[in-house]
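1. okay, here's the prediction I keep looking at, along with the sequence it came from:
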Amino acid sequence: MIYDFLIIGGGIAGASAAYELSSHGSVLLLEAEDTTGYHATGRSAALFTRNYGGETVRQINAISADFFRSPPPGFCEAPLLTKRGCLTVAQSGDEGELDALLAMSSLGEEVVHVDTKEACEMVPFLRPERVMRAVYEANVSDIDVATLHSSYLKGAKARGAVVMVKQCVTTMGRMGANWHVQTAKSSFSAAKVINAAGAWADQIGTLAGTQTIGLVPKKRTAIIISAPENTNCAVLPAVDFAGSDAYLKPDAGLLMASPGDATPTNPHDVWPDDMDIAVLADWIERETTIKVTKIEHSWAGLRSFVDDEAPVVGFDAQVPDFFWLAGQGGYGIMMAPILAQLTADLCTGNHGTHVDQLAQLLSPSRVQ
Ligand SMILES: Cc1cc2nc3c(=O)[nH]c(=O)nc-3n(C[C@H](O)[C@H](O)[C@H](O)COP(=O)(O)OP(=O)(O)OC[C@H]3O[C@@H](n4cnc5c(N)ncnc54)[C@H](O)[C@@H]3O)c2cc1C
């Protein structure tokens, strides 16, 4: 069989593309691991934050919000977003950093000043002497990533898409007008290949015989710790610390913390470093009143960026029918609905509004 679309990678990018493309033709999704969502997608902080990332990313997220708030009928049973809110605090010397955030405030997406007393009431484990200035964004939400990812795959399969795991693509080439793609176990043919291989996207580009996009996977560490006694995690906002990239957020009755590290590395199954965890635990104890007695869980994941930190979505300029869906950085979950719709529009020649607004900005030729 010759599939219309062969997608490499079963993270959120591949799953959402499979869902959108399966309305337009036959889809085969190949995932190297035993399960889909094992890499970056299963390791995120699961936040939807409109005022995060560069201008292009924020533009995409502004449109993406509609999908999250009202997904297509029958897409999922649980809501995809739960209001979380985000408090950003600055200590002496870092106060100016909050101006950029305040400048992003808009109708319905307000960013407002809160005084130190209010900030410490919202987040009782803050040290008041370290909160010189604070701002609050009510519209930051938790994303139910597991529901989003599984609903995309379920919806794609319901429309006939085939999803295969343990199928690591090792070689690929053109045979006539089609692609011939090989894994250790099998080989497949397709008219178009969608490269949604996350941190491995440049490796897939090389297999396809084209130029790389200069993708750099960057490691980010996260830990789970207990919240101090009497903390009501249900109403606690996420907390960003200006002057550092660190953040804390409630996670299923516990607290997730990250130093916000972004260490360049090669694509691999990344693990947290003991020293990074120890430094983070020490930082938490200095910046807050939390005593880190036990690390309940820790992990690391790769956020993959090209030079301008905007995603790369579009057909390769040199190799025919090879489509990039890569470089989602630290925003790939929240951008997924729009990037997948753009993928379907470009692959089917449909000139929708996303094409007009985004195709040029995200084109692979800008980074190849
Ligand atoms: C700590 C952390 C916090 C984050 N927080 C957020 C957040 O709050 N909000 C947000 O929106 N985003 C966040 N992100 C970013 C987000 O997780 C990523 O942008 C997104 O998951 C990328 O999805 P993906 O499908 O491109 O990549 P992946 O999920 O990595 O999927 C790529 C898949 O391709 C497969 N693959 C690779 N090579 C091959 C091959 N040769 N053959 C077959 N399959 C292959 C891999 O096995 C993998 O499953 C965070 C990331 C991290 C690490």
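-> Thanks, I have the structure now.
2. how many neighbours does residue 278 have?
-> When neighbours are counted by other Cβ atoms under 10 Å, residue 278 registers 12. Heads up, the C-betas are built off the backbone N, CA and C, glycines and all.
3. same thing with the one 3 residues further on?
-> Counted by other Cβ under 10 Å, the residues lying close to residue 281 total 18.
4. same thing with residue 321?
-> When counting by other Cβ under 10 Å, one arrives at 19 neighbours for residue 321.
5. ok, the closest residue to it other than its chain neighbours - contacts?
-> Take residue 321 and drop its neighbours on the chain: the residue closest to it by Cβ to Cβ, 6 or more residues apart in numbering is residue 192, 4.5 Å away. Residue 192 makes contact with 4-6, 179, 321-323, 347 under the criterion Cβ atoms under 8 Å, 6 or more residues apart in numbering.
6. could I get the contacting residues of the closest residue to residue 279 other than its chain neighbours?
-> Once flanking residues are discounted, residue 279 sits nearest to residue 259: 6.9 Å by Cβ to Cβ, 6+ apart. Taking Cβ under 8 Å, 6+ apart, we find residue 259 in contact with 221, 244-246, 276, 279-280, 283.
7. pipe those into a markdown table and attach neighbour count, distance to the ligand and secondary structure per row.
-> Formatted as a markdown table, the contacts of residue 259 follow (neighbours: other Cβ atoms under 10 Å; distance: Cβ to the nearest ligand atom, whole Å; DSSP: H, G, I helix; E, B strand; the rest coil):
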| residue | neighbour count | distance to the ligand | secondary structure |
| --- | --- | --- | --- |
| 221 | 22 | 7 | strand |
| 244 | 13 | 16 | coil |
| 245 | 13 | 11 | coil |
| 246 | 17 | 12 | coil |
| 276 | 19 | 12 | helix |
| 279 | 14 | 16 | helix |
| 280 | 24 | 12 | helix |
| 283 | 16 | 16 | helix |
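8. check which helix or strand covers the residue nearest the centre of the chain.
-> Nearest to the geometric centre of the chain sits residue 332, at 2.6 Å (Cα atoms, centre = their mean). Element membership for residue 332, per DSSP states H and E: helix 332-348.
9. which elements pack onto the helix or strand following that helix?
-> Next along the chain after helix 332-348, taking DSSP H and E as the criterion, comes helix 353-362. Helix 353-362 sits against helix 55-69, strand 312-315, helix 332-348, with contacts defined as 3 or more Cβ pairs under 8 Å, 6 or more residues apart in numbering; DSSP states H and E.
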